[in-house]
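Engineer: Generate a structure from the sequence data that follows.
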Amino acid sequence: MSKQKLILELQKKAIKALQDSTNMLNVSFTLIEQGNHEEARRLQNEARAKRNDSVWLMSKANALETISVGNRSDSRTDPRSLTRTH
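Structural biologist: Take a look at the predicted model:
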């Protein structure tokens with residue numbers, strides 16, 4: 001897969017994770033209105049995790065894009081180094 005395709009794929013996944021997070025927060029708000037605070041908190045935590053995933057994915061896409069523009073060759077250009085450690 002080319003770097004440009006990898007960057008685009010990471011960006012798409014980041015946007016999807018952010019959309020999912022937003023939807024979860026909307027549902028959480030409805031649950032709060034209905035008085036289901038425990039489920040709302042659980043969903044808020046899940047939304048936060050999705051948002052964190054989105055930020056991480058976009059960070060990797062931006063790093064790849066920056067490296068592509070700079071055309072440097074170091075360990076950061078290796079797509080295999082784009083694995084999440086947590």
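
Engineer: Quick check, pLDDT for the closest residue to residue 47 other than its chain neighbours.
Structural biologist: What sits nearest to residue 47 in space, not counting adjacent residues and going by CB to CB, 6 or more residues apart in numbering, is residue 24, at 3.7 Å. Backbone N, C-alpha and C define where each C-beta goes, glycine included. At residue 24, the model reports a pLDDT of 98.

Engineer: Kindly report the same for residue 84.
Structural biologist: 64.

Engineer: And residue 1, by the same measure?
Structural biologist: 76.

Engineer: Just the buried residues of the helix or strand the residue nearest to residue 47 falls within, please?
Structural biologist: If you go by DSSP states H and E, residue 24 is part of helix 3-33. Neighbour counts over helix 3-33 (16 or more other CB atoms under 10 Å) mark 6-7, 10-11, 13-14, 17-18, 20-21, 24-25, 28, 31 as buried.

Engineer: tell me what that helix is packed against?
Structural biologist: Packing partners of helix 3-33 (3 or more CB pairs under 8 Å, 6 or more residues apart in numbering; DSSP states H and E): helix 37-70.

Engineer: Okay, buried residues for the helix it packs on please.
Structural biologist: Buried, per 16+ other CB under 10 Å, within helix 37-70: 40, 43-44, 47, 50-51, 53-54, 56-58, 60-61, 63-65, 67.

Engineer: ok, the residue most central in space within the chain to residue 6 distance?
Structural biologist: Nearest to the mean C-alpha position of the chain, by CA atoms, centre = their mean, lies residue 54 at 1.4 Å. Distance, residue 54 to residue 6, using CB to CB, to the nearest Å: 17 Å.

Engineer: and what of residue 46?
Structural biologist: Separation of residue 46 from residue 6 (CB to CB) stands at 27 Å.

Engineer: Then residue 17?
Structural biologist: From residue 17 to residue 6 the distance is 17 Å (CB to CB).

Engineer: just to revisit the earlier point, ok, the residue nearest to the centre of the chain - contacts?
Structural biologist: 14, 15, 17, 18, 21 (CB atoms under 8 Å, 6 or more residues apart in numbering).
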